[in-house]
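Student: any chance you can model this:
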Amino acid sequence: MKKLSWFNKLVFFLNMVVTVLTFVAYVLPFLAPKVFPILSVFTLLLPLMLVLNFLFFIYWLLQFKKQMLLSGIVLLLGITFINKFYKFSQENVPQTQEDFTLMSYNVRMFNLYRWVPDINAKDSIKQFVGKQDPDILCFQEYAPSDDVYFNHYKYKYIFSRNDRYKTGQAIFSKFPIVDKGSIKFPKSSNNVIYADLKKGNDTIRVYSMHMQSIKIAPDIHEKIDEEKSKRIFKRLSEAFAKQQLQAELLVAHKQQCNYPTIICGDLNNSAFSYVYRSIKGDMNDAFEEVGSGFGKSYNFKYYPARIDYIFSDNNFQTKSFNTFNGFVNSDHFPIMARLAITTKEDK
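Tutor: Residues are numbered from 1 along each chain as shown. Model prediction:
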């Protein structure tokens with residue numbers, strides 16, 4: 001430390017601060033938001049912490065300084081977090097006729113209030129879905145419309161709230177729906193719906209979740225002053241505490257199901273959160289299995305936010321996963337996975 005220049009001493013001090021904050025963020029997925037509501041907000045910054053540690057590591061490495069070990073060790077200890085943040089391309093898994101595809105998409109009421117400039121957003125979404133033609137289609141923030149219909153799906157379950165536009169969720173399926181229902185969340189307009197689908201001799205349960213919204217606009221133009229920052233921070237911490245209760249209700253419901261299970265939808269939280277960890281449990285995250293890049297699913301400017309997920313239990317093999325982040329007709333991007341039901345011989 002004595003041999004460092006004054007500038008490098010300053011850099012190393014900042015490096016240590018970032019290291020401490022990163023370790024705090026590593027622990028937060030194991031701490032309930034209801035107990036630490038303010039700290040839980042910090043999980044949103046973990047990707048930034050990882051990037052800063054990488055930059056510090058490179059900075060010291062180029063100077064052949066032993067201080068590079070500090071961030072190097074932090075990155076090694078957080079390798080599982082890095083995999084949730086960025087994935088290198090995976091080899092393609094052979095496809096078969098028994099595979100099926102599932103798409104999850106928060107359509108934001110088909111751009112009812114003109115959030116995106118494309119006045120033909122509804123038609124674009126309909127055409128996009130028709131082109132991708134998933135076997136199972138899960139919509140969040142779905143609003144029935146005479147202009148948007150999906151008649152090529154024989155089976156459907158639409159859950160609508162009693163608001164002006166009957167917003168809610170929908171599951172469309174090429175497989176027969178043998179049972180369906182919803183999980184109501186207390187003091188919230190969000191919910192989970194599910195459908196049991198008959199695929200051949202197998203019955204699959206699909207949950208579509210829309211967890212408590214955090215209500216942060218994708219592109220904030222107004223100045224963020226101290227007072228507004230406090231309000232945003234408070235709103236986030238309250239939303240994450242609500243999400244914890246909602247996650248507990250979903251997990252408890254899932255534990256009563258004996259069918260192979262898929263959970264998909266809008267979690268409204270990062271892959272570094274307590275809520276993500278609770279819902280995922282021992283299920284597989286399709287992005288982590290076969291995804292690539294950042295997996296950005298929310299159109300937040302300058303930040304690769306991944307808040308939409310497809311989880312499947314060990315009865316499935318995930319063969320491919322795509323985030324269509326070039327298709328901007330909502331504040332979310334569609335995500336789709338190709339899956340196969342595994343047999344006992346496959347396991």
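Student: show me what Thr261 is bridged to.
Tutor: Beta bridges link Thr261 to Arg205, judged by DSSP bridges.
Student: below-threshold pLDDT in the stretch 101-250 of the chain: ranges please.
Tutor: By pLDDT under 70, the low-scoring segments of the stretch 101-250 of the chain are 146-148, 163-165, 215-229.
Student: that one: strands as residue ranges?
Tutor: Taking DSSP state E, counting those that start in this stretch as the test, the strands found in the stretch 101-250 of the chain are 136-142, 155-160, 168-173, 177-184, 191-199, 202-210.
Student: how far does the second one sit from its chain's centre?
Tutor: The chain centre lies 22 Å from the centre of strand 155-160; the measure is Cα atoms, centre = their mean, to the nearest Å.
Student: then that strand to PDB, C-alphas only?
Tutor: The C-alpha coordinates for strand 155-160 follow below in PDB (Å, rounded to 0.1, in the frame of the first residue of the first chain):
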ATOM      1  CA  TYR A 155     -57.900 -23.600 -25.700                       C
ATOM      2  CA  LYS A 156     -57.600 -20.500 -23.500                       C
ATOM      3  CA  TYR A 157     -58.000 -19.200 -20.000                       C
ATOM      4  CA  ILE A 158     -58.600 -15.500 -19.500                       C
ATOM      5  CA  PHE A 159     -58.700 -13.900 -16.100                       C
ATOM      6  CA  SER A 160     -60.000 -10.400 -15.900                       C
END
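Student: in that strand, what counts as buried?
Tutor: Within strand 155-160, the residues scored as buried using 16 or more other Cβ atoms under 10 Å are 155, 157-159. (Each C-beta comes from the backbone N, C-alpha and C, glycine too.)
Student: tell me the one of those nearest Phe110?
Tutor: Nearest to Phe110 among the buried residues of strand 155-160: Ile158, at 13.5 Å, using Cβ to Cβ.
Student: which non-adjacent residue is nearest that closest one?
Tutor: Computed as Cβ to Cβ, 6 or more residues apart in numbering, the closest residue to Ile158 that is not its neighbour in sequence is Ala170, at 4.5 Å.
Student: which of the strands of the stretch 101-250 of the chain sits closest to Gln63?
Tutor: Once the strands of the stretch 101-250 of the chain are compared by Cβ to Cβ, strand 202-210 is nearest, at 47.4 Å.
Student: residues in contact with the closest one: which ones?
Tutor: 102, 104, 106, 136, 138-141, 169-171, 173, 175, 178, 190-197, 250, 254, 257, 259-268, 279, 341 (Cβ atoms under 8 Å, 6 or more residues apart in numbering).
Student: confidence score at Gly326?
Tutor: Note on Gly326: pLDDT of 84.
Student: so it is in which element?
Tutor: Taking DSSP states H and E as the definition, one finds Gly326 inside no helix or strand.
Student: before we move on, what about the one 4 residues further on?
Tutor: Taking DSSP H and E as the criterion, no element holds Ser330; it sits outside all helices and strands.
Student: share the number of residues neighbouring it, please.
Tutor: 23 (other Cβ atoms under 10 Å).
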